[in-house]
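J.: missing the sequence, but the structure's below:
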């Protein structure tokens with residue numbers, strides 16, 4: 001599976017099942033009405049996870065634009081609580097891994 005097909009499948013899942021993301025708090029599952037996808041990014045202050053809010057209402061280009069906006073805010077150190085809270089799903093990678 002390629003990275004581009006993985007991205008497509010993730011977007012398909014969010015679109016095809018718009019009320020299926022749940023969050024567990026205090027031992028109870030809650031269905032979320034919006035999908036706020038957190039994207040881990042490295043900044044001067046360390047790893048942060050801003051959220052692309054309401055992904056289910058955005059086009060692929062809209063998601064890309066919002067990701068670019070969040071990246072610029074992160075690079076300049078201007079991400080606030082609104083961008084950093086409320087995530088329902090997080091995307092990340094393991095980064096550079098060295099062996100031996």
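T.: Alright, I've got the coordinates. Quick caveat: nothing in here was measured; it's all calculated off a predicted structure.

J.: need the pLDDT of residue 3.
T.: We have a pLDDT of 37 for residue 3.

J.: again, but for residue 44
T.: 82.

J.: what's around it, how many residues?
T.: Neighbourhood size, residue 44 [other CB atoms under 10 Å]: 8. (C-beta placed from N, C-alpha, C; glycine too.)

J.: backbone phi and psi for it, please?
T.: Note on residue 44: backbone dihedrals following degrees, to the nearest 10 are phi -60, psi -30.

J.: quick one: residues contacting the closest residue to it other than its chain neighbours.
T.: Spatial nearest neighbour of residue 44, excluding adjacent residues (CB to CB, 6 or more residues apart in numbering): residue 77 at 6.8 Å. Contacts of residue 77 were listed using CB atoms under 8 Å, 6 or more residues apart in numbering, and they are 43, 44, 45.

J.: from these, pick the one nearest residue 55.
T.: Nearest to residue 55 among those: residue 43, at 21.6 Å, using CB to CB.

J.: just checking, the closest one touches residue 74?
T.: Yes - the pair residue 43 / residue 74 is scored as a contact, 4.9 Å apart, by CB atoms under 8 Å.

J.: the two - which one has more neighbours?
T.: Neighbours of residue 43 and residue 74, each counted by other CB under 10 Å, are more numerous for residue 74; the result is 21 against 15.
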